[in-house]
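In: Please work out how this folds:
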Amino acid sequence: MIELDAATVLLQWSVGGMLGCWFTTRQREVGVGYGWLLRIIYFLMAGAAAWIGIVGDGGTATRVRDAAAIAVAVCCASGFVVSFVRRREGSATFPVILDLIPFVLGTAGLVAAGVDAGGADGTAIARTLVGAVFLGFVSDAMLLGHWYLVQPGLPRRHVNEIVRAFLWVWPVEVVVMLVPTGMFSVFTGAVDDGWGGQLGWFWATCAITTGILGVVTLRALEERSYSAVMAATGLMYLAILTAFGTDLVARAVLAG
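Out: Coordinates of the predicted model:
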């Protein structure tokens, strides 16, 4: 089963977040400050993941994860420095591949973390990788919504695209948490959640609500007024809470 390890969760978040950063910055229309914001946030998360993992007592697989976390942090910092040096040129000359490298390197660490978790390696790895994209995209969608306050002329298609991408990941996240041994076992009582099955239903509520919030966010963005973007941002705030319930509650229950 997957264990709810803080170092793994932080690495997931930073790796998925940097994939979301590349997903948006690759079109070279979002201001350089947005990239700075995300690179700083995920640099701190990856650094925290490395520190927590290193001071912990882990085996070879976790050392691979910790090395990957350090690599992700270094890549985030490097991307920030390059973008800052070229700030006068805007985002047009920034090599967007620098935002994809942290995802590639971090994926190796997440695979190692999935193997280290024990149980069915394929299921554990799938849950770890899908969860990374799931958490990263919902966070970046909210942050991008806020960025429209700084860059109000930014085409709305950017936030539409990342919300749609998140909605594509959402059913995959739900499915990988249901495959045996998964949340169905909590519903049947085969896995004891310690709360008489209540955590299983809490997870189901979070999973369903996350999808609904994503769909409602897209509907809100169909409105022509600028306030629609702010409404969508508020909805994504709520989606972050339910998304974390969808991912982390399942991990905690299945690790028990």
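
In: residues of the helix or strand in which V82 is found that come out buried?
Out: With secondary structure defined by DSSP states H and E, V82 is part of helix 60-85. Judged by neighbour count (16 or more other C-beta atoms under 10 Å), helix 60-85 contains these buried residues: 61-62, 64-76, 79-80, 82-83. For the C-beta atoms, the positions are set from N, CA and C on the backbone; glycine is no exception.

In: which residue is nearest the middle of the chain?
Out: Within the chain, one residue has its C-alpha closest to the average C-alpha position: by C-alpha atoms, centre = their mean, that is G136, at 1.9 Å.

In: Next one, pLDDT for it please.
Out: Confidence per residue is given as pLDDT, and for G136 that number is 95.

In: Would you mind confirming that it is in contact with G17?
Out: Yes. In this structure, G136 is within contact of G17 by C-beta atoms under 8 Å, at 4.0 Å.

In: before we move on, back to that, now name the helix or strand holding the closest residue to the residue nearest to the centre of the chain other than its chain neighbours.
Out: Closest residue to G136 apart from its sequence neighbours, by C-beta to C-beta, 6 or more residues apart in numbering: G16 at 2.3 Å. G16 is located in helix 6-25, with elements delineated by DSSP H and E.

In: following that helix, which helix or strand shows up next?
Out: From helix 6-25, the next helix or strand downstream (DSSP H and E) is helix 32-55.

In: give the contact list for E29.
Out: Remark: with contacts taken as C-beta atoms under 8 Å, 6 or more residues apart in numbering, E29 is in contact with 91, 154-155, 158.

In: Quick check: which helices or strands does the following helix or strand past the helix holding V82 pack against?
Out: Going down the chain from helix 60-85, the next helix or strand is helix 97-116, by DSSP H and E. Contacts of helix 97-116 with other secondary structure elements, assessed using 3 or more C-beta pairs under 8 Å, 6 or more residues apart in numbering; DSSP states H and E, are made with helix 6-25, helix 32-55, helix 60-85, helix 121-147.

In: list the buried ones in helix 97-116?
Out: Across helix 97-116, burial judged by 16+ other C-beta under 10 Å covers 98-107, 109-116.

In: cool, and stretch 39-58?
Out: Applying a neighbour-count criterion of 16+ other C-beta under 10 Å, one finds 39, 41-43, 45-53, 58 buried in stretch 39-58.

In: can you list those residues in a markdown table and add distance to A207?
Out: Output for the buried residues of stretch 39-58, formatted as a markdown table (distance: C-beta to C-beta, whole Å):
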| residue | distance to A207 |
| --- | --- |
| R39 | 30 |
| I41 | 25 |
| Y42 | 25 |
| F43 | 30 |
| M45 | 24 |
| A46 | 27 |
| G47 | 31 |
| A48 | 27 |
| A49 | 25 |
| A50 | 30 |
| W51 | 31 |
| I52 | 27 |
| G53 | 28 |
| G58 | 30 |
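
In: pLDDT check: weakest of those residues?
Out: For the buried residues of stretch 39-58, the model is least confident at G58; its pLDDT is 65.

In: and the helix holding V82, average pLDDT?
Out: If you average the per-residue pLDDT over helix 60-85, you get 92.

In: burial count for E223?
Out: Under the neighbour criterion other C-beta atoms under 10 Å, E223 is assigned a count of 12.

In: try W36
Out: 15.

In: which residue sits closest to it, ignoring its sequence neighbours?
Out: The shortest distance from W36 to any non-neighbouring residue, by C-beta to C-beta, 6+ apart, is to F80 (5.9 Å).

In: got a list of what the one you found touches?
Out: With contacts taken as C-beta under 8 Å, 6+ apart, F80 has the following neighbours: 35-36, 39-40, 43.
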